[in-house]
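Novice: Sequence and predicted model, in that order:
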Amino acid sequence: MVGGGQGAFIGAVHRAAAALDGQIELVAGAFSSDAARSRESGAALHLAPGRCYASYAEMFAAETKLPLGDRIDFVSIVTPNFLHFPVAKAALDHGFHVMCDKPMTFNLAEAKELAAIVKKSGLLFGLTHNYTGYPLVKEARARVRSGQLGAIRKVVVEYPQGWLASKLESSGQKQADWRTDPKRAGASCCMGDIGTHAENLAEYITGLRIETLCADLSTFIPGRPLDDDGNVLLRFAAAPGGQPAAKGLLHASQISVGEENGFNIRIYGEKGGLRWRQEEPNTLELLWPDRPAERVRTGVGALSPETAHASRLPAGHPEGFLEAFANLYKNFAATLRARLDGTTPTAFDLDFPGVEDGVRGMAFIETVVASSASKEKWVKFAQ
């Protein structure tokens with residue numbers, strides 16, 4: 001692991017998720033840019049002192065000298081955004097597979113360069129758009145792609161939070177501090193942090209690609225240099241068959257007072273619709289024009305094979321954020337194991353976001369920022 005030392009939030013989430021299925025062991029790390037803190041963090045996790053490194057460069061250099069089977073197999077990157085690219089590039093250059101927190105890089109140029117590096121290396125690259133790991137998100141995707149909703153007409157995806165409704169970064173709160181800093185977060189705070197989840201989920205479930213968008217970003221907290229709220233109109237690329245192209249609305253906010261993590265998506269087709277809410281993730285609602293709405297529950301009834309593969313517990317035992325996160329690590333580990341064993345991973349195992357999803361995410365951020373600043377109404381999705 002690179003990053004995720006004492007006081008970090010997302011590093012602990014990654015460690016818990018990676019460990020959940022007993023397939024991945026944390027054996028080494030460079031947990032902080034401060035060498036002493038890195039070693040203290042490693043010691044607190046009961047790692048061998050010799051594998052608590054002062055820097056990621058030191059770790060990669062030392063680990064490559066160990067025999068195969070003893071060295072690390074892959075690295076999990078959980079640093080602030082500005083370090084994602086250099087750490088990932090260094091890992092790939094040393095022959096290590098990569099799992100990276102999102103957004104993938106600091107900007108689109110880095111994302112494109114990283115995609116080329118991954119392709120040339122032939123190594124695995126995973127990206128933790130963790131909401132794609134929920135069983136009923138996979139069920140929603142299966143329902144849409146099987147044609148049950150018909151041609152998709154409208155997508156409404158929202159991610160309201162309220163944790164940055166005051167200038168929390170002024171208090172020294174670590175997570176607020178770096179996310180609102182353009183030198184570490186990049187061109188966007190709200191859209192980069194949670195808007196990318198909304199973009200990714202909309203494309204993951206529908207299989208459609210955003211083609212153009214019209215964005216309005218706001219910064220409500222005086223003195224905050226990056227956005228904390230945004231509204232985006234979406235136009236998707238036309239689907240085959242001559243159907244009208246789908247339209248959409250994406251709303252993300254970190255100043256919606258009282259909201260926790262109200263991530264939700266609604267999709268409407270010519271035959272039916274669906275609704276899914278992250279705060280009640282074990283329920284999917286199906287909407288029909290000629291009969292009552294249906295509630296689909298995790299573990300109940302005839303669910304798709306993808307949903308069953310992502311479910312761990314019997315019906316009535318809630319599965320949530322960590323389990324969804326762990327599904328990405330489980331699939332990544334199974335794919336990596338197949339690679340190491342010289343076998344072929346299953347389609348289920350290959351179901352985790354990759355480098356192309358990361359490029360799409362960075363293109364979304366840059367297009368939204370450009371659209372909000374432009375006098376033009378609609379801006380073509382960055383390529």
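Specialist: Alright, I've got the coordinates.
Novice: Tell me if Phe85 really is in a helix.
Specialist: Yes: assigned with DSSP: H, G, I helix; E, B strand; the rest coil, Phe85 falls within a helix.
Novice: Please give me every residue in contact with it.
Specialist: 105-106, 110-111, 113-114 (C-beta atoms under 8 Å, 6 or more residues apart in numbering). Heads up, the C-betas are built off the backbone N, CA and C, glycines and all.
Novice: Select from those every entry located in helices.
Specialist: 110-111, 113-114 (DSSP state H).
Novice: Show me which of those are buried.
Specialist: Burial by neighbour count, 16 or more other C-beta atoms under 10 Å: within the ones in helices among the contacts of Phe85 this picks out 110-111, 114.
Novice: And Val155, its phi and psi?
Specialist: For Val155, the backbone dihedrals (degrees, to the nearest 10) come out as phi -130, psi 130.
Novice: so what's it bridging to?
Specialist: Gly248, Ile267 (DSSP bridges).
Novice: ok, how many other residues are close to it?
Specialist: 25 (other C-beta atoms under 10 Å).
Novice: again, but for Glu259
Specialist: 18.
Novice: Quick check, it in contact with Ala252.
Specialist: No: if you go by C-beta atoms under 8 Å, Glu259 and Ala252 don't touch, sitting 11.0 Å apart.
Novice: For those two, list the residues in contact with both.
Specialist: Residues touching both Glu259 and Ala252 by C-beta under 8 Å, 6+ apart: Pro160.
Novice: can you list the contacts of Phe85 in CSV and add distance to Pro318?
Specialist: Shown next, in CSV, are those (distance: C-beta to C-beta, whole Å):
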residue, distance to Pro318
Thr105, 34
Phe106, 36
Glu110, 38
Ala111, 35
Glu113, 41
Leu114, 36
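Novice: How are the helices of the stretch 1-150 of the chain distributed by residue range?
Specialist: 10-19, 35-44, 56-63, 84-93, 108-121, 135-145 (DSSP state H, counting those that start in this stretch).
Novice: Mind putting the ones in helices among the contacts of Phe85 into TSV with pLDDT and distance to Leu123?
Specialist: As requested, those are exported to TSV (pLDDT from 0 to 100; distance: C-beta to C-beta, whole Å):
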residue	pLDDT	distance to Leu123
Glu110	98	17
Ala111	98	17
Glu113	98	15
Leu114	98	12
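Novice: Just name the closest of the residues you listed to Ala302, please.
Specialist: Nearest to Ala302 among the ones in helices among the contacts of Phe85, counting by C-beta to C-beta, is Ala111 at 39.3 Å.
Novice: what's the spacing between that closest one and Asp70?
Specialist: Using C-beta to C-beta, to the nearest Å, Ala111 is found at 33 Å from Asp70.
Novice: circling back to that earlier point, nearest to Gly172 among the contacts of Phe85?
Specialist: Nearest to Gly172 among those, with distances taken as C-beta to C-beta, is Phe106, at 23.4 Å.
Novice: Contact partners for the closest one?
Specialist: Contacts of Phe106 by C-beta under 8 Å, 6+ apart are 81-82, 84-85, 186.
Novice: how's this structure carved up into domains?
Specialist: By the assignment in automatic domain parsing, the chain contains the domains 2-130+337-352, 135-310+359-373.
Novice: Distance from the shortest one to the middle of the chain?
Specialist: Its chain's average C-alpha position is 15 Å from that of domain 2-130+337-352, according to C-alpha atoms, centre = their mean, to the nearest Å.
Novice: hang on, the earlier thing: so can I have JSON lines of the domains of the chain showing distance to Glu319?
Specialist: Listed next are the domains of the chain as JSON lines, based on distance: least, C-beta to C-beta, whole Å:
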{"stretch": "domain 2-130+337-352", "distance to Glu319": "11"}
{"stretch": "domain 135-310+359-373", "distance to Glu319": "6"}
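Novice: So which of those domains is nearest Ala382?
Specialist: Nearest to Ala382, of the domains of the chain and by C-beta to C-beta, is domain 135-310+359-373 at 4.1 Å.
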